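**Student:** Quick one: sequence plus predicted model below, questions after.
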Amino acid sequence: MDAVDVFIENRSCLDMDIYQLWLDGEIEEICRLPFLTVQLDDTPSSKQILASYVADQVRTFHLLEKWLHSPAELADQPVFQLTDSCRTYLLEKYYTFDRQFMREILGRKFNKFRRKDFEDECRKTGVKLDSCYRQYENMRRVWKSVSAMDGCTMKNIHETFLLPDQLARY
């Protein structure tokens, strides 16, 4: 019979270092984090605990992603109990972009981008492919949401995506 790991908790504990690596598309680097490896001895069970912890965090971020796409729903979702500061941090980091990558893609039609274009931009800018996809989709999602709205674009972005003014300004 196969063993099953079950973990139940009331409050969501998110590892922000792993979150940043997940956003950057650096999944293979996560298990090399110094604070994770320094506390564990070199036994198979320690490595299994580490792998389980990282897998749980990455799975949590994938589940959270659908609410990060529509930030107004993130506050009301019942699955993850998040503090306001945690929610703000998650959104700010999720919608932060690499300036060099954005400079390369701005001015192009959003529906004309192909996989080959992403790979070329990744090579030019040094940004991982997963991160490029996320940034592109975020820019497309923000543009699609606020382009039809009346009023100040920055204010619309701030109110719709709950982003800080500095990030909404870009």
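**Tutor:** Good, I have the coordinates. Residues are numbered from 1 along each chain as shown.
**Student:** Show me what counts as buried in the helix or strand containing residue 56.
**Tutor:** Secondary structure assigned from DSSP states H and E places residue 56 in helix 44-68. Using 16 or more other C-beta atoms under 10 Å as the test for burial, helix 44-68 gives 50, 53, 54, 57, 58, 60, 61, 64, 67, 68. Bear in mind the C-beta positions are built from the backbone N, C-alpha and C, glycine included.
**Student:** Pick out the most distant pair among the residues you listed.
**Tutor:** Maximum pairwise distance among these (C-beta to C-beta): 27.1 Å, between 50 and 67.
**Student:** Please work out how many residues are found near the closest residue in space to residue 60 that isn't next to it in sequence.
**Tutor:** Of all residues not flanking residue 60 in the chain, residue 14 sits nearest, at 6.7 Å (C-beta to C-beta, 6 or more residues apart in numbering). Neighbour count of residue 14, defined by other C-beta atoms under 10 Å: 15.
**Student:** and what of residue 96?
**Tutor:** Look at residue 96: counted by other C-beta under 10 Å, it has 15 neighbours.
**Student:** Tell me the spatial nearest neighbour of it, not counting adjacent residues.
**Tutor:** residue 167 (6.5 Å).
**Student:** any idea which helix or strand carries that neighbour?
**Tutor:** Counting by DSSP H and E, residue 167 is part of helix 165-169.
**Student:** can you pull the buried residues of that helix?
**Tutor:** Going by neighbour count (16+ other C-beta under 10 Å), the buried part of helix 165-169 is 167, 168.
**Student:** Just the C-alphas of that helix, formatted as CSV.
**Tutor:** Output of helix 165-169 as CSV, limited to C-alpha atoms (Å, rounded to 0.1, in the frame of the first residue of the first chain):
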residue,chain,number,x,y,z
ASP,A,165,0.4,53.4,-6.7
GLN,A,166,4.1,53.0,-7.7
LEU,A,167,3.5,49.7,-9.5
ALA,A,168,0.2,50.9,-11.1
ARG,A,169,2.0,53.9,-12.5
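**Student:** counting contacts, what elements does it pack onto?
**Tutor:** If you count contacts as 3 or more C-beta pairs under 8 Å, 6 or more residues apart in numbering; DSSP states H and E, helix 165-169 packs onto helix 153-161.
**Student:** ok so, going back, helix 153-161 and the helix holding residue 56, what's the angle between them?
**Tutor:** 120 degrees (axes from the mean of the first three to the mean of the last three C-alpha atoms, to 10 degrees).
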